[in-house]
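> No letters, just coordinates:
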């Protein structure tokens, strides 16, 4: 049974990226106020960027442009991972919370890569 993708909201990668953003906002809510314009803003912006780039790419309606925006989303996933690792190093996150967020970013990364690889005319990685 084929799944009909009407718009970006039907994409599992976008849905998971939205969940990741919510998790990042929740986890970073208790970080020090001194990080408000530093690491907190950086990780939140990167997390938001993932779902936004998936949505924008899908909205462009051209496979080449969609792949380009998926590539940008993947870069933002790497940025979220880096910020999460830093937050763990600085003691802003417990080890279990760091691991949970890293697992979530890895899952979103797999979904974005799978989506990109499923597109016509794309060489598989």
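Noted; the coordinates are in hand. Quick caveat, the model's predicted, so the values are computed rather than measured.

> residues near residue 97, how many?
Using other Cβ atoms under 10 Å, residue 97 has 16 other residues around it. In this view, the C-beta of every residue, glycine as well, is placed from N, C-alpha and C.

> Assign it to helix, strand or coil.
helix (DSSP: H, G, I helix; E, B strand; the rest coil).

> same thing with the one 5 residues further on?
Per three-state DSSP, the local secondary structure of residue 102 is helix.

> list the contacts for it?
Applying Cβ atoms under 8 Å, 6 or more residues apart in numbering, we find residue 102 in contact with 81, 84-85.

> among those, who's most crowded?
residue 84 (28 neighbours).

> quick one: it and residue 98, what's the gap?
Here residue 84 is placed at a distance of 6 Å from residue 98 (Cβ to Cβ, to the nearest Å).

> Just say helix, strand or coil for residue 120.
Secondary structure, three-state DSSP: residue 120 is coil.

> from now on call the first residue 450
That works, and once the first residue is 450, the last one we named lands at residue 569.

> Buried ones in stretch 496-508, by neighbour count?
By neighbour count on 16 or more other Cβ atoms under 10 Å, the buried set for stretch 496-508 is 496-507.

> just how off-centre is the helix or strand residue 527 falls within within its chain?
In the assignment (DSSP states H and E), residue 527 maps to helix 512-538. Offset of helix 512-538 from its chain centre (Cα atoms, centre = their mean, to the nearest Å): 6 Å.
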